[in-house]
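Peer 1: What shape does this take:
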Amino acid sequence: MGRLIDAGDCVLVLVDVQEGFLKRVEPEAKAGLIERIAFLTLSARFCGIPVVATVESPEDWGGLHPGLVEAVGDAPVIDKTVFGLAGDPLAGPAVREAGRGTAVLAGLETDVCVAQSALGLLDEGLSVVVVEDAVASPGSAHAAGIERMRKSGVVGVLTKQLHYEWMRTVSRSREFDAAHPGLVQPPGVEL
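Peer 2: Purely as a prediction, here's the structure:
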């Protein structure tokens, strides 16, 4: 991965964005979270970036959050049984089969499934980016997860940063806006 994140080398991985996990997160931490993840997903799809979504124990935590269904579209939503998706028999191959060298992670929870996924993907030789304002955990667990990932070599960015790195040019950004008329940029993404 170069210093700028190349859309052509990325796969976006949405880790366990489910209502049951989201309910555990404090209101201020979840404010705008689903909107940022949906925006990020639309950005990825616009740039031709493969999207893989996972759900853990949907019978307990619910399916993919309803606020993401439209943005995810026909991308695979995989039931995973391993906290770190790199070791999951379905999710791991789905990420690897995307054929990209950089896994971009968003979702829940920062300190467990997101962090374990990031570390496992690093161990497999992928570059890993975590979108820090598009992941969450209850309480201090969020900061602990971010710190562990950063110390292990995961690159941290915000939704706004990543969107504009993927767009690269003013004209491409305008094309995205034209392709999504009426799209309200989520908190933290406004220019």
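Peer 1: Using the three-state scheme, assign Val55.
Peer 2: With DSSP: H, G, I helix; E, B strand; the rest coil as the basis, Val55 sits in strand.
Peer 1: tally of neighbours for it?
Peer 2: 24 (other CB atoms under 10 Å). No exception for glycine: its C-beta is placed from N, CA and C like everyone else's.
Peer 1: who touches it in this structure?
Peer 2: By CB atoms under 8 Å, 6 or more residues apart in numbering, the residues touching Val55 are 16, 18, 61-64, 77-80.
Peer 1: what's the answer for Pro138, then?
Peer 2: For Pro138, the contacting residues are 24-26, 29, 109, by CB under 8 Å, 6+ apart.
Peer 1: remind me which residues of the chain are low pLDDT?
Peer 2: 1, 191 (pLDDT under 70).
Peer 1: what's the single longest helix in this protein?
Peer 2: When the chain is parsed with DSSP state H, its longest helix is helix 33-46.
Peer 1: Would it be right to say that Gly156 lies in a strand?
Peer 2: Yes: using three-state DSSP, the secondary structure at Gly156 is a strand.
Peer 1: Please look at it and Gly145 and confirm they touch.
Peer 2: No: judged on CB atoms under 8 Å, Gly156 makes no contact with Gly145 at a distance of 10.8 Å.
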